[in-house]
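Undergrad: Let me see the structure of the following:
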Amino acid sequence: MEKLEGMISDIVFKNEQNGYTIAHLTSSENDVCIVGCMPTISIGESIEVSGKWVNHNIYGLQFEVSSFMPITPSSLEGIYIYLSSGMINGIGDKMAKKIIDRFGVETLNIIQNTPERLKEIEGIGSKKINQIIKSYEEDRELRNIIIELSPYGITPTYCMKIYKKYKDNTLNKIKKNPYKLAEDIVGIGFKKSDEIAKSLGIENNSIDRISQGIIYILKQSITNGHTYLPRNELLIESIKLLEVDKILIENALETLIFDKKLYMETINNSQNIYLIPYYICENGVCKYIANLSSFDFEDLDINIEKEIEYIEQEENIKLAKNQVIAVKEAINSGVVIITGGPGTGKTTTINTIIKIFENNNKKVVLSAPTGRAAKRMSETSKKEAKTIHRLLEMGYSNDDEDLTFMKNEEEPIKADVIVVDEVSMVDIYLMYSLLKAIKLGTRLILVGDSDQLPSVGAGNVLSDLISSKVINVVRLTEIFRQASESMIVVNAHRINKGQPLYLNSKGKDFFFIKKETNEEILNEIIELVDKRLPKFYNVDKIKDIQILSCMRKGDVGVFNLNKELQKYLNKKGNHKVEETFQKRIFRVGDKVMQIKNNYTRKWKNEEETESGEGVYNGDIGYVYHIDKDRKVLYVIFDDVKIVKYKYEDLDELDHSYSTTIHKSQGSEFQIVIIPIAWAPPKLLSRNLLYTAVTRAKKVVVLVGDIKYLEFMIKNNNTNKRYSNLAYKLNSLSI
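TA: Residues are numbered from 1 along each chain as shown. Model (predicted):
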């Protein structure tokens, strides 16, 4: 049996159910594709694998792993991560490598005791040495934490969070109970804590380990959309993860429930285990929806038919039958859901409702879950629309970790009518926070496409509200003449019905280009974006064309697409400043995306006459300026908002020439290109394809293998989400 050593540089695919993994193992000699059951490996981890070489008939030579074990990272790795982290002024990624190549494990001793020797490195003079010494002497304890923890894949940014929490006692606390990291630090999970614990010799049957393992599984279930897990399923997953006796897990679970860290609810003989916040959210949504829907709303005494007739004449439109019903329900009911696919007139319906209410002196507030969705709502309604977070006036608690909202039951939103668009994207936590801030008597109009992907967060809110039948639901079904001429709209509805698509119709807007290999797909996409589409449609190749992929990994996944597209769309040039961060090159002009909500990140316009705060997950911008001396990168969003990022904050940004379909929700792009290639079956789904296609305003181009397109259209299996919202609402209405 052969053995290989190296670092995991990429994970192409991982099956969370059985642990089967495809990854790249990189060493100084080569880069090897390894396959096998490796459920616990992570990018950046050094491992030794045992197995044999096999020749796959499609993917070529691979190393089939029969067993693996972690290797204790060398101290050089920790020193390199520390030096290249941006913590020391004057040292970046390339300079860190030069210093370590010259001095090896003695690097930190040299910097501390004989810093003048740094002059042996090309590019370092007296001025830079003084800068390095001053920076190095600051935060000595933080430096030790970075060097100790970075080999476990904990970034310098998270090391700073840990240090902020535990101060000078950090390393002692971690060594005493590393599982506190998973409990206290948002973003540090059980697996990292467990890795550290094992290196410290902590036993597998430690009560702290078992308790945090159970909580970890529940937190993972939240990321998969569940608000709870059935007790038996939680036990099975815990046994697989922790590899300890079932009785120990049951004992720990009972303790967690007794200590009110978890909640167990029995429904129809099923014991359901919740993280406390999600139990509160689910029950809270149920309570507030029931209260709103049963409230005796004021009769507005509006002649709706006359109002509609006036608006139709003024706007030169004609509402369809169900649009009229939707308008009437919105005015006469307290709560209504309006749902429909593309081209069915949701926007026209919303605008009609807004005008009727405003014509009758009612204050209407518009909102959507994301910045991009709110911006679209503003553009189509010609009224201000806020994100739900802004509407609720978000803030932070004293420790700057927990998100809070100023608007709530005590300080509700001041409005007669609240209209929320793109409700399919709203998770259980955000819906609970919104409903808490709506006073009885305020009309609530929820608008969304129930066939879109559900929220990234926990819950299946829109579908549950619809299926509960507690709220009046109006479905817009008629496709308007202008929309029916678009193959994007026609094919979107055909996707929903599982029907074959109309492809490559002359003079239309929906195309399929047949390519069989990933290499062919990648090359075709580059050619389309860089040359053919901008020339034919006279559009900006960076701003107007968006590639949407169902995968992050692989040749036609988001990561590789961004890397390859950057070479063509924003080429390296003598006058283009660039910086490397965690193996990614950020270059002035790059298209980038904010990948996590940051409600306190400040922005200002170029003239500094306007300012504000808040950059949101999914916001797309462009690298505006890079200040290498100050280690700061500037991004411009919405053509006016300039945001500053320190180098240690760059984990909040990703390149976005390509992005995932999930991240595109709530957005519209002139031209959308979708690679159609092999992916795990759960990603080759009908609603994922539907969501991607409906992001395009002008043109859709599919590039790939027709058999995977046909599979996606037929695959209507959506991943089941554990949620009791619909059941609880039904119970109240009986």
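Undergrad: Am I right that residue 170 falls within a helix?
TA: Yes - per DSSP: H, G, I helix; E, B strand; the rest coil, residue 170 lies within a helix segment.
Undergrad: could you check the distance from it over to residue 637?
TA: Taking Cβ to Cβ, to the nearest Å as the measure, residue 170 and residue 637 are separated by 35 Å. From N, CA and C alone the C-beta is placed, and that goes for glycine too.
Undergrad: cool, residue 568 as well?
TA: Computed as Cβ to Cβ, the residue 568 to residue 637 distance reads 24 Å.
Undergrad: And for residue 339?
TA: 30 Å.
Undergrad: before we move on, the earlier item: between residue 568 and residue 637, which one's more packed in?
TA: The residue with the greater number of neighbours, taking residue 568 and residue 637 and applying other Cβ atoms under 10 Å, is residue 637; the counts read 20 against 14.
Undergrad: tally of neighbours for the spatially closest residue to that one that is not a sequence neighbour?
TA: For residue 637, ignoring the flanking residues on the chain, the nearest one in space by Cβ to Cβ, 6 or more residues apart in numbering is residue 621 at 3.9 Å. In terms of burial, residue 621 registers 23 neighbours under the definition other Cβ under 10 Å.
Undergrad: Give me the buried positions along the strand or helix carrying residue 621.
TA: In this structure, residue 621 sits in strand 620-627 according to DSSP states H and E. Applying a neighbour-count criterion of 16 or more other Cβ atoms under 10 Å, the buried positions in strand 620-627 are 620, 621, 622, 623, 624, 626.
Undergrad: quick one: secondary structure of residue 265?
TA: Residue 265 - assigned by three-state DSSP - is strand.
Undergrad: What's the local residue count around the closest residue to it other than its chain neighbours?
TA: The spatially closest residue to residue 265, leaving aside those adjacent along the chain, is residue 272, at 5.0 Å (Cβ to Cβ, 6+ apart). Counted with other Cβ under 10 Å, the neighbours of residue 272 add up to 21.
Undergrad: What pairs with the helix or strand hosting residue 272, parallel or antiparallel?
TA: In the assignment (DSSP H and E), residue 272 maps to strand 270-275. Strand pairing for strand 270-275, using DSSP bridges, gives strand 229-230 (antiparallel), strand 262-267 (antiparallel).
Undergrad: Find the least confident helix or strand in the protein, judged by mean pLDDT.
TA: Within the chain, judged by mean pLDDT, DSSP states H and E, the helix or strand with the poorest mean is helix 481-484; its value is a mean of 68.
Undergrad: List of residues touching the helix or strand following that helix?
TA: For helix 481-484, the following helix or strand on the C-terminal side (DSSP H and E) is helix 487-497. Under the contact criterion Cβ atoms under 8 Å, 6 or more residues apart in numbering, helix 487-497 has outside partners 341-343, 451, 479, 483-484, 500-502, 505, 508-510, 686, 689-690, 693-694, 696, 699-700, 713.
Undergrad: Same check on stretch 374-391?
TA: 347, 350-351, 354, 364-371, 373, 405, 407, 413, 420-421, 426, 430, 433-434, 437, 597, 599, 614, 616, 638, 666-668.
Undergrad: Likewise for stretch 108-120?
TA: 79, 99, 102-103, 124-126, 128-129, 132-133, 136, 147.
Undergrad: Take the residues you listed and, keeping just the buried ones, write it as a PyMOL select command.
TA: Selecting the buried subset of those in PyMOL, with 16+ other Cβ under 10 Å as the burial test, is done by:
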select buried, resi 79+99+103+124+128+129+132+133+136+147
